[in-house]
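J.: Output the structure for:
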Amino acid sequence: MTATIFAVDDDRGPGAEVKMIPQQKAIIKLRSDVQEAHAPEHLVGSSPAMEQLRHLIRRAASSDATVLVVGESGTGKELVARALHDASLRAKGPFVDVNSAALTETLIESAFFGHERGAFTTAISRQRGKFEQADGGTLFLDEIGDMPLSTQAKILRVLQERSFERVGGEAKISVDVRVICATNRNLEESVRKGSFRVDLFYRVNMLVMEVPPLREHKADIPELVRYFLSRAGRLDNCRAQDISAAALELVSRHDWPGNIRELKNAIERSLILCNEDKIQPFHLPPAVLRGPVRFAQATGGRTSKTLLAAVRQLERSMILSTLEKCRWERGEAARVLGVTRRVLSYKMQNLEIEKSVREH
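T.: Numbering: from 1, shown residues only. Next up, the predicted model:
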């Protein structure tokens, strides 16, 4: 079924004004919201490192030069590429992304350049590749450092000539595409090892944007956390709308080797486990709790226990207290604690809680 997007008042004649109906207004608003979300100004973080990155994006947006975005895994390289696209004159054109590391060597050329019918056994019809799909817009080549050498040579040729042939075809296809590349590898080292072409390196290394690891701009962590909380707050099944000072202190001290992606996953995990208005330390992932931070530093107390041990004790104490108040009725205690009976039983077994146990 095809939905009608435009409505015309036929009684007003051939010159009648075309009116937008609610469906089209919703689509336009959605597109506007998506573009606004990826604008440079909406990259979360107020640290000098993020301000410098936004400045580079704005400066590069007016050019069609190839850009290389470098940074560790999880730092948000694709978000930088999208922000660059949306700030450019190509913003109304397509943004097509392809992960070079996710494609097998036998399929990568077909994915990039498309193929003709009958080019290989499973090519039952003509297929446009990523370069054609991105015509008039931006092509984002993620993990370019993992691209096979044979494909690197063909990518270099496209960057130089802006034309190519589909797999199994002979006709030249010209495209108007801006290319943004990204990698978490040291491409200079890859060139020295012979796994990356030196000529392609100089071609993509024209303008480099380095996305810093989260540990180098920890001042942005509170802002990032509140951003993730605000987004999750739109979901009906998330009760927590905030994070406690103690939990935020722990999150801010953690080094986050997985960078912003790991932080986002940690907040989402905490929201799933949290049945309170605020995320507490014991809702955080074990990796955060196992850090060198002491519980006293996060809570202002004087205990010398490691955080993991302190959280275990707190959890044990809460469960015991609730069980005693509920006269050891597990179903009622589980309801009060905001967990299922099965989870409560698992916790009791893990924390070695039995009915005969009493804490003073």
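
J.: hey, where'd the strands end up in the stretch 201-350 of the chain?
T.: Ranges of strands within the stretch 201-350 of the chain are 207-210, 242-243, 278-279, based on DSSP state E, counting those that start in this stretch.

J.: Report the mean confidence score over the last one.
T.: Okay, so that is strand 278-279. Averaging pLDDT along strand 278-279 yields 89.

J.: what's it packed up against?
T.: Using 3 or more C-beta pairs under 8 Å, 6 or more residues apart in numbering; DSSP states H and E, the elements in contact with strand 278-279 are strand 242-243, helix 259-273. C-beta: built from backbone N, CA, C; applies to glycine.

J.: Ok, the first one next?
T.: Using 3+ C-beta pairs under 8 Å, 6+ apart as the contact definition, the elements that strand 207-210 packs against are helix 48-61, strand 67-70.

J.: Now tabulate the ones you listed in TSV and tack on mean pLDDT and distance to Asp142.
T.: Formatted as TSV, the helices and strands packed on strand 207-210 follow (pLDDT from 0 to 100; distance: least, C-beta to C-beta, whole Å):
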stretch	mean pLDDT	distance to Asp142
helix 48-61	94	17
strand 67-70	97	9
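
J.: Of those, which is nearest Asp255?
T.: Nearest of the helices and strands packed on strand 207-210 to Asp255, taken as C-beta to C-beta: helix 48-61 at 15.8 Å.

J.: about what we covered before: looking at the helices and strands packed on strand 207-210, which one is packed in the most?
T.: For the helices and strands packed on strand 207-210, the largest average neighbour count (mean count of other C-beta atoms under 10 Å) is found in strand 67-70, namely a mean of 24.

J.: Show me the contact partners of that strand.
T.: For strand 67-70, the external contacting residues (C-beta atoms under 8 Å, 6 or more residues apart in numbering) are 60, 77, 80-81, 84, 144, 179-184, 187, 204-211.

J.: switch to 7 Å and redo it
T.: With C-beta atoms under 7 Å, 6 or more residues apart in numbering as the test, strand 67-70 has contacts from 60, 77, 80-81, 84, 180-183, 204-205, 207-211.

J.: Leaving out sequence neighbours, find the closest residue to Asn99.
T.: Using C-beta to C-beta, 6 or more residues apart in numbering and skipping residues adjacent in sequence, the residue nearest Asn99 is Asp142, 4.6 Å away.

J.: and the gap between that neighbour and Lys154?
T.: Distance of Asp142 to Lys154, computed by C-beta to C-beta, to the nearest Å: 17 Å.
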